[in-house]
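Enquirer: A structural model of the following input is requested.
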Amino acid sequence: MAQQRGVNSLHFNQDQSCFCCAMETGVRIYNVEPLMEKGHLDHEQVGSIAHCSMLHRSNLLAIVGGGVNPKFSEISVLIWDDAQEVRDTKDKLVLEFTFTKPVLAVRMRHDKIIMVLKNRIYVYSFPDNPVKLFEFDTRDNPKGLCDLSPSMEKQLLVFPGHKCGSLQLVDLSNTKPGTSSAPFTINAHQSEIACLALNQPGSVVASASRKGTLIRLFDTTTRDKLVELRRGTDPATLYCINFSHDSSFLCASSDKGTVHIFALKDTKLNRRSALARVGKVGPVIGQYVDSQWSLASFTVPAECACICAFGKNTSKNVNSVIAICVDGTFHKYVFTPDGNCNREAFDVYLDICDDDDF
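Expert: The predicted structure follows:
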């Protein structure tokens, strides 16, 4: 993520009710609705941080050192336990996982922790007496792309496959520890994967390539393509894709400074190309005509990396999307099924402080 105001990366927790902010000055944790700082780890405690990840709303936080003044190595993942009643804050660091190469991302669920390196993914049991369960080789994955379903029923892990543009899916509950079971593959795109996301139950995966014009959704059981969504016609870098809690909608943010909202449950709500009404067209335009365009969109500061997710539903016909940007801004828009989209809140989350340490 482009670093502004000292923000190195942003990450939602598993149900998008909180987000954590890895900074040059440490870590800050926020509640999304209402927006408030829940806690922080200052520079004295942890130095500058490249990545952080929360486990739901618990006291456990995974951090990876990085940035200008790191206290901890970029090849280690440290687990901070705020429930530890100790005099010395160093003793709140309860676990450490060290590798030979930099850690690019960390994902957690209630019973496992996933650590992503450029060409390898490690899965450990967690949090009590962690044991390495699996490791998977990947093609070059410099962004540390990976998603993990938080669902109790389906322990699905998705990451870029060995073949360019493919996705690997592994059901961790059906894979024997210590084996490198063959994960199944979806050939999603022709160019490199740039962004991916699972819905909450792990039944659908969404992905975009480096081209960034299309988002494709696949059934994780049958591997069938469910729908193709068009973000735009110009290439763009996608920063984030997220599903609503009931998988009725999907949102996506890119370096164009636009957050797009698509309908999934009732795809008739999405806009279609005007050409689609013309009738039969040539094969090249055919692909362009068949895809669906967003039902609503809003803008945030252009070229400012941001993560986006759905807010709490206030009523049956009003939904909201939250965008959190690395420049410290927080945007909340409400939208209706007919495509109306209006700003409901704007804030600068970096200017919100609490009196409390984490």
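Enquirer: going forward, measure contacts between C-alpha atoms and count neighbours the same way
Expert: Will do.
Enquirer: who's in contact with stretch 43-54?
Expert: Defining contact as CA atoms under 8 Å, 6 or more residues apart in numbering, one finds that stretch 43-54 is touched by 8-14, 19-27, 60-72, 74, 89-90, 104-108.
Enquirer: list buried residues within these.
Expert: Burial by neighbour count, 16 or more other CA atoms under 10 Å: within the contacts of stretch 43-54 this picks out 8-14, 19-27, 60-67, 70-72, 74, 104-108.
Enquirer: shaky segments in the stretch 251-358 of the chain?
Expert: 273-290, 314-316, 354-358 (pLDDT under 70).
Enquirer: which residues touch residue 304?
Expert: Counting by CA under 8 Å, 6+ apart, residue 304 touches 2, 255, 257, 325-327.
Enquirer: among the residues you listed, name the buried ones.
Expert: Buried members of these, scored by 16+ other CA under 10 Å, are 255, 257, 325-327.
Enquirer: now the residues you listed in CSV, with secondary structure?
Expert: Output for the buried ones among the contacts of residue 304, formatted as CSV (DSSP: H, G, I helix; E, B strand; the rest coil):
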residue, secondary structure
255, coil
257, coil
325, strand
326, coil
327, coil
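Enquirer: would CSV of those with distance to residue 156 be doable?
Expert: As requested, the buried ones among the contacts of residue 304 are exported to CSV (distance: CA to CA, whole Å):
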residue, distance to residue 156
255, 28
257, 31
325, 28
326, 29
327, 32
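Enquirer: closest to residue 220 among the residues you listed?
Expert: Of all those, residue 255 has the smallest distance to residue 220: 28.0 Å, by CA to CA.
Enquirer: how about that closest one, nearest residue that isn't a chain neighbour?
Expert: Excluding its sequence neighbours, the residue lying closest to residue 255 (CA to CA, 6 or more residues apart in numbering) is residue 303, at 4.4 Å.
Enquirer: looking at the buried ones among the contacts of residue 304, which is nearest residue 345?
Expert: Set against residue 345, the nearest of the buried ones among the contacts of residue 304 by CA to CA is residue 325 (13.9 Å).
Enquirer: beta partners for the nearest residue to residue 343 once chain neighbours are set aside?
Expert: Sequence neighbours aside, residue 333 is the residue nearest to residue 343 in space, at 4.3 Å (criterion: CA to CA, 6+ apart). In this entry, residue 333 is beta-bridged to residue 321, residue 343, by DSSP bridges.
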